[in-house]
Every structure is written in structure tokens, then in C-alpha cells.
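In: Please find the sequence and the predicted model below.
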Amino acid sequence: MTIIKNLSDKEFKDFIEKSNVALIDFYADWCAPCYVIKPVMEELSDELEGKAEFGKIDVDKNKERATEFGIMSIPTLLIFSKGKLVDRLTGAVPKEIIKERLGKFID
């Protein structure tokens, strides 16, 4: 089982730069759609183990990164490739769509 890393503002940059492909879930504990996306993230992290890294960042505790990326709605999923933002999805997006978008950046 792959671990989805809880990230802080300070850990964020290092995490995305060390990952070939990273999917970051911007969420909050009070957000109902965020709970819908959680099992999807867990399934994808298992299916794509070794191909992509998965992290999540609580927007209430880490406002700096949420502001930096203009997060206005949650959940927002950001896809990074080699440290650069390459795609974003907002809302409780179906697993197949997330996997397809991630797949574009996985070697």
C-alpha cells in the first residue's frame, strides 16, 4: 500500500522536485467532496506505485501554497512533472479522468 504523504508548506517544494510525477490533493477536513476523492487517491496511489508520488496539503494549515497556486475551490488536484505544474483538476473528479490525466506524464 502506497502512502499519501501529508505535506506542509515547507515540505511541498522538496516533494514535487524529487518526484518525477506528483499528484497533490489540496483539501480541508471540513470539505465533504474531499472525503469523496480520498479513496480514489488511495486506489490510484496503489495502482501507480513507483510511477507517481501522491501527497496532500491541508489548505487551512498551509495557506502559503494554496495562495501560490490560486486554490479557490477544494478539492483541487495539481499534477507536477519534474517539479513543474502541468495540469489541475477541481472537484470530486472520477478516478478514470484523474488516471488519464496523470498517464500523460508517466513514462
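Out: Noted; the coordinates are in hand.

In: Dead centre of this protein: give me the residue that sits there.
Out: Nearest to the mean C-alpha position of the chain, by Cα atoms, centre = their mean, lies residue 24 at 1.7 Å.

In: What is the helix or strand containing that residue packed up against?
Out: Using DSSP states H and E, residue 24 maps to strand 21-27. Packing contacts for strand 21-27, counted by 3 or more Cβ pairs under 8 Å, 6 or more residues apart in numbering; DSSP states H and E, involve helix 9-18, helix 32-47, strand 53-58, strand 76-81, helix 95-103. All C-beta spots, glycine's among them, are computed from the backbone N, C-alpha and C.

In: Rebuild these as JSON lines, extending it with mean neighbour count and mean pLDDT.
Out: As requested, the helices and strands packed on strand 21-27 are arranged in JSON lines below (neighbours: other Cβ atoms under 10 Å; pLDDT from 0 to 100):
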{"stretch": "helix 9-18", "mean neighbour count": "15", "mean pLDDT": "94"}
{"stretch": "helix 32-47", "mean neighbour count": "16", "mean pLDDT": "94"}
{"stretch": "strand 53-58", "mean neighbour count": "22", "mean pLDDT": "96"}
{"stretch": "strand 76-81", "mean neighbour count": "22", "mean pLDDT": "97"}
{"stretch": "helix 95-103", "mean neighbour count": "15", "mean pLDDT": "96"}
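
In: Now residue 51. Its backbone dihedrals?
Out: Phi and psi for residue 51, reported as degrees, to the nearest 10, are phi -110, psi -30.

In: how far away is the residue nearest to residue 81 when sequence neighbours are not counted from residue 20?
Out: Excluding the flanking residues, the one nearest residue 81 by Cβ to Cβ, 6 or more residues apart in numbering is residue 105, at 4.2 Å. Separation of residue 105 from residue 20 (Cβ to Cβ, to the nearest Å): 8 Å.

In: Find residues that contact each of the two.
Out: residue 81 (Cβ atoms under 8 Å, 6 or more residues apart in numbering).

In: between these two, who's got more neighbours?
Out: Regarding residue 105 and residue 20, a neighbour count based on other Cβ atoms under 10 Å identifies residue 105 as having more, with 19 against 14.

In: Count residues in the vicinity of residue 26, would you?
Out: Neighbour number of residue 26 under other Cβ under 10 Å is 25.
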